[in-house]
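> pasting a predicted model and its sequence here:
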Amino acid sequence: MTAPAHPVVFRPVIARLQAAGHEVHVTARDYAQTLPLLQRMRISHTVIGRHGGASRLRKVAALASRSSRMVAYGRARGFDLAVAHGSNDLPLAARALRIPEVNAFDYEWATKQHQIGCRLAHRVLTPDAIPPERLRRYGAGPEKLRQYPGLKEEYYLSDFEPDPAVLDALGVDRERVLVVVRPPPDVSLYHRRANKLFPAVLDAVGRREDVHAVVVPRTELQRTTVRALRFPSLIVPDGAVDAQSLIALADLVVSAGGTMNREAVALGTPVYTTYGGRLGGVDEQLIREGRLRPLTDPRALELVKRSGARADRVRRDPRLLAELMLEAAA
């Protein structure tokens, strides 16, 4: 587990693997809300290393350190299979230990990551919205690639029902328009371009008396920066929150990332993307279908209370993901 999305992605998969009698060990790096989310979900885990920050040199050093520690961790336990979502630590360690590894992801343009992860993996697992020809450049041909229908969020949110208590805990005024805002992934190598639209979005929603905008930061620096704006309508949580309940109960989501966009789609909440990088196949498909709206001007935001029925949710069985992962160990 290397990012906050991973605990929620793997929670139902782990449960199904354990129910089938498999023994599952979880490792995690200290980054953003990854560890607090693992703790909140009561997923037992071993912490190995932390994020290297924005510097490429520090990223490489952190990767080398974590990978070597992962090798030592794995050598003592005799694993049969390794699985990660968008991690390079595990492919490197698994190759060193000669363990089959499943490399899962849903954004194909993190090229440096995939040049390592896909080439070392025994199986590559992605949504079928990503054209297979885009993955051949990473060594993920037909013999290695497995694709699943729909969004990964439709699998791990299949049993999810929102908890309204999250609104009270944050002091949200239910009479106001509730907007959930996710900042851009500042420290990601695939998102080096400055996202000038995000500050404009904060300015647009942060001063309105009929809006409460909950900003879900990725890092402590983002938390401090947003709070320093002192916009009266912004709410910045102190730590990890039940973001899925927030999204499900919100009137609107505006996100510069990927996972929160797709969670909103899966939960039937209107969502705008301010992502400044190259769009992947999943987002391209969602935009074509009208389920995700690109935002170029904050004045285009439809800041209104939702009423009536919400969009139908698609719920998919996480057992399929578990079975596709287990294929690699066969």
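Yes, it's here. Treat the numbers as computed from the prediction; the structure is a model and nothing was measured. Residues are numbered from 1 along each chain as shown.

> ok, residue 131 - contacts?
Residues near residue 131 by C-beta atoms under 8 Å, 6 or more residues apart in numbering: residue 281. C-betas here are computed from N, CA, C, even on glycine.

> what's the per-residue pLDDT of it here?
pLDDT recorded at residue 131 is 98.

> residue 59 now?
In this model, residue 59 is scored at 73, pLDDT.

> likewise residue 123?
Note on residue 123: pLDDT of 97.

> can you check residue 220 too?
At residue 220, the model reports a pLDDT of 87.

> could you give the number of residues near it?
10 (other C-beta atoms under 10 Å).

> and it, how far is that from residue 3?
Residue 220 is 15 Å from residue 3, where distance means C-beta to C-beta, to the nearest Å.

> what does residue 168 give?
28 Å.

> ok, now residue 62?
Counting by C-beta to C-beta, the gap from residue 62 to residue 3 is 14 Å.

> more crowded one of the two?
It is residue 3, of residue 62 and residue 3, that has more neighbours when counted by other C-beta under 10 Å, with 22 against 19.

> which SS state does that one fall under?
What DSSP: H, G, I helix; E, B strand; the rest coil gives for residue 3 is coil.

> what sits against it?
Residue 3 touches 31-32, 34, 86, counting by C-beta under 8 Å, 6+ apart.

> just the strands in the chain please.
27-30, 46-50, 82-85, 101-104, 123-127, 145-148, 177-182, 211-215, 234-235, 252-255, 271-273, 293-294 (DSSP state E).

> leaving out chain neighbours, which residue sits closest to residue 275?
What sits nearest to residue 275 in space, not counting adjacent residues and going by C-beta to C-beta, 6 or more residues apart in numbering, is residue 256, at 5.5 Å.

> per-residue confidence at the one you found?
86.

> that one and residue 271 touch, don't they?
No: using C-beta atoms under 8 Å, residue 256 is not in contact with residue 271, being 11.5 Å away.

> give me the common contacts of these two.
Listed as contacting both residue 256 and residue 271 by C-beta under 8 Å, 6+ apart is no residue at all.

> check contacts around the residue lying closest to residue 206 once chain neighbours are set aside.
Distance criterion C-beta to C-beta, 6+ apart; nearest residue to residue 206, sequence neighbours excluded, is residue 231 at 2.8 Å. By C-beta under 8 Å, 6+ apart, the contact set of residue 231 is 202-203, 206-207.
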